[in-house]
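# build the 3D model from these lines:
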Amino acid sequence: MYVDGQWTGEDLSQFEVINPATKQVLGNVPNGGKEEAKQAVDAAHSAFESWSKLPAQERSRLLAEWHRLIGENKEEIGKIMTLEQGKPLQEAIGEVGYANGFILWYAEEAKRIYGETIPASHTHKRIFVQKQPVGVVAAITPWNFPAAMITRKVGPALAAGCTVVVKPAEETPLTALKLAELADEAGIPPGVVNIITGNPQAIGETWLQDNRIRKITFTGSTEVGKQLMKGAAYTVKKVSLELGGHAPFIIMEDADLDKAVEQLIGSKFRNSGQTCICTNRVYVQASILETFSEKFKAAVSQLQTGGGLEEGVDLGPLINEGARFHDDTSHFFRRDFCFQK
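Residues are numbered from 1 along each chain as shown. Below is the predicted model:
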């Protein structure tokens, strides 16, 4: 764990991080709980006073330096991600670039937090809006995009002058810890970024009950999102939730079928189908069903499965057995998945 600029948790019980491709243990990380969650908030709350007062240009400079270091280490971060999450190496490196784009974007936006002036109703009044950071932000992130979902939350928070406490998914903590290492190297002050690994319920409940946390940002299941929204209400925290999606793929008879196949493959099999915007049902107009089905089956048959570090692999492993929905893919070709005008 990374708290207040220090690597901590060696004295705690540990949990294993497993390579989903080989089932081998990659390493062990601290199994933090309520006390560690509180310590992270202590650090973030203490750092908030100085970080929020830091000139925007300086916050921007530090974010830009973090961006530079992530870019220089993208292959290493990608390999860590592949080992703990399973996605093919090139896809993982691509995610690092995507994740790093958020840091660069918000490094620039830090300099553009403009206020407003508003016409007043009386000549002796002036009305203006000054934007201020909300305070400590708690970010809870998923395993399917272990870099991008952190930078997309932490980047804007730091740019605005907030400090953060981050709880990465238990399956993929190593990517988060590497990002924290690079943030430290970039010169981001102690307490501004804190990473807690461990018991999600204990950590989440502690943060929900702590009035010093003024915002919760979460990407994950709708069920957990509802629980966080309910818990945040007691201390009236701001909430940003990115929850489960429903993504139909619709193919009409005037479509370019080869392009439709290509796009469906990209949507359905990206990250082995483990994204919130993956296609989960396909509607094909009846007049082109047979033609499209044959093209699609032929394309699927060309996909290569295997460990994410293997050359030429398109589909890595599922993150764990719990991610398996079922083995029957025949639902892609059933006639009840078509419609007619």
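# from here on, contacts and neighbour counts on C-alpha atoms
Fine.
# isn't K38 up against T206?
Yes: with contact defined as Cα atoms under 8 Å, K38 counts as touching T206 (6.9 Å).
# out of those two, which sits in the busier spot?
T206 (19 against 16; other Cα atoms under 10 Å).
# if I look at the residue nearest to the more buried one when sequence neighbours are not counted, how far off is V193?
The shortest distance from T206 to any non-neighbouring residue, by Cα to Cα, 6 or more residues apart in numbering, is to K34 (5.8 Å). Relative to V193, K34 is positioned 18 Å away (criterion: Cα to Cα, to the nearest Å).
# neighbour count winner among the two?
When neighbours are counted by other Cα under 10 Å, V193 comes out ahead of the other of K34 and V193, with 27 against 18.
# can you count the residues close to E76?
Around E76 there are 15 residues (other Cα under 10 Å).
# and it, helix, strand or coil?
Following DSSP: H, G, I helix; E, B strand; the rest coil, we place E76 in the helix state.
# what's the pLDDT at it?
Looking at E76, its pLDDT is 98.
# which residues touch it?
Residues counted as contacts of E76 (Cα atoms under 8 Å, 6 or more residues apart in numbering): none.
# for L69, same thing?
Applying Cα under 8 Å, 6+ apart, the residues near L69 are 182, 186.
# which helix or strand contains it?
If you go by DSSP states H and E, L69 is part of helix 56-72.
# now that helix: average pLDDT?
Helix 56-72 carries an average pLDDT of 98.
# residues of it that come out buried?
Residues 56, 59-71 are the ones in helix 56-72 that count as buried (16 or more other Cα atoms under 10 Å).
# farthest-separated two in these?
For the buried residues of helix 56-72, the farthest-apart pair by Cα to Cα is A56 and G71; their separation is 22.4 Å.
# all helices of the stretch 101-250 of the chain, in order?
Ranges of helices within the stretch 101-250 of the chain are 148-160, 173-185, 200-209, 222-233, based on DSSP state H, counting those that start in this stretch.
# circling back to that earlier point, got the phi/psi numbers for the residue nearest to T206?
Dihedral pair for K34: phi -60, psi -50, per degrees, to the nearest 10.
# show me the contacts for it.
K34 sits next to 202-203, 206 when contact means Cα under 8 Å, 6+ apart.
# what is the nearest of those to E170?
I203 (12.0 Å).
# next up, the contacts around the closest one.
Residues in contact with I203 (Cα under 8 Å, 6+ apart) are 32-34, 36-37, 167.
# which residues touch stretch 18-25?
16-17, 26-27, 83-86, 171, 306-308, 316-320.
# let's see 7 Å
16-17, 26, 83-86, 307, 317-320 (Cα atoms under 7 Å, 6 or more residues apart in numbering).
# and the furthest pair within the residues you listed?
E16 and G307 (19.3 Å).
# quick one: which of the two has more around it?
Comparing E16 with G307 by other Cα under 10 Å, the one with more neighbours is G307, at 23 against 15.
# could you look up the SS state of that one?
coil.
# dump the residue contacts of it.
Contacts of G307 by Cα under 7 Å, 6+ apart are 21, 86, 316-317.
# who's in contact with H67?
The neighbours of H67, taking Cα under 7 Å, 6+ apart as the test, are 100, 103-104.
# quick one: the nearest residue to R152 once chain neighbours are set aside from P189, how far?
With Cα to Cα, 6+ apart as the criterion, R152 has its nearest non-adjacent residue at 5.6 Å, and that residue is F102. Distance, F102 to P189, by Cα to Cα: 20 Å.
# okay, the two: which has more neighbours?
Taking neighbours as other Cα under 10 Å, F102 and P189 compare with F102 leading, 20 against 16.
# for the stretch 151-300 of the chain, which segments count as strands?
Assigned by DSSP state E, counting those that start in this stretch, the stretch 151-300 of the chain shows strands spanning 163-167, 193-195, 213-219, 238-242, 248-251, 281-285.
# most neighbours per residue, which of those strands?
The highest average neighbour count among the strands of the stretch 151-300 of the chain, using mean count of other Cα atoms under 10 Å, belongs to strand 163-167 at a mean of 28.
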